[in-house]
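Visitor: Show me how the following folds:
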Amino acid sequence: MLNLGLATGASWLGNGLWNAASKRLPLTLSGQMIVFETLFALLYAFIYDQRLPRPLETAAILLLVAGVCWSVRQHADDDASGAASIEEKAQPSVH
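Guide: Numbers count the residues shown, from 1 in each chain. Sure thing, here's the model as predicted:
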């Protein structure tokens, strides 16, 4: 019963959170968030095997996280420059 409750709850909660995130994030960024499913699967596998990741596995994990961080930063820079140009257009020009 506990496993059924956890599976059902995690499925509903995870699905609800994914839907909320995908509505708020740009499509290109929400695609990057799916990487976390892979990372958590790896975490669960390492816990199940009762071992730490090997050096090559660690490098792969770090590259996945770095790629997502880079993508998030690119989106943040794009949003900041877009907001700045909107503010510049909204300000009245003084001649």
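Visitor: Find the nearest non-adjacent residue to the most centrally placed residue in the chain, please.
Guide: With distances taken as CA atoms, centre = their mean, the chain has Met33 as the residue nearest its mean C-alpha position (3.0 Å). Sequence neighbours aside, Ala21 is the residue nearest to Met33 in space, at 6.3 Å (criterion: CB to CB, 6 or more residues apart in numbering). Glycine gets a C-beta too; all of them are placed from N, C-alpha and C.
Visitor: For the host helix or strand of that neighbour, the averaged confidence score.
Guide: Element membership for Ala21 (DSSP states H and E) is helix 2-24. Helix 2-24 shows an average pLDDT of 86 in the prediction.
Visitor: One more: stretch 65-73?
Guide: Averaged over stretch 65-73, pLDDT sits at 91.
Visitor: Please enumerate residues in contact with it?
Guide: With CB atoms under 8 Å, 6 or more residues apart in numbering as the contact definition, stretch 65-73 has outside contacts at 28-29, 32-33, 35-36, 39.
Visitor: cool, stretch 43-60 as well?
Guide: Counting by CB under 8 Å, 6+ apart, residues outside stretch 43-60 touching it are 42, 61.
Visitor: pLDDT on that stretch, on average?
Guide: On average, the pLDDT along stretch 43-60 is 96.
Visitor: What is the three-state secondary structure of Leu52?
Guide: Using DSSP: H, G, I helix; E, B strand; the rest coil, the three-state assignment for Leu52 comes out as coil.
Visitor: Please state the backbone phi and psi of it?
Guide: phi -90, psi 160 (degrees, to the nearest 10).
Visitor: Report how many residues lie close to it.
Guide: Around Leu52 there are 9 other residues, counting by other CB atoms under 10 Å.
Visitor: All good on my end, thank you.
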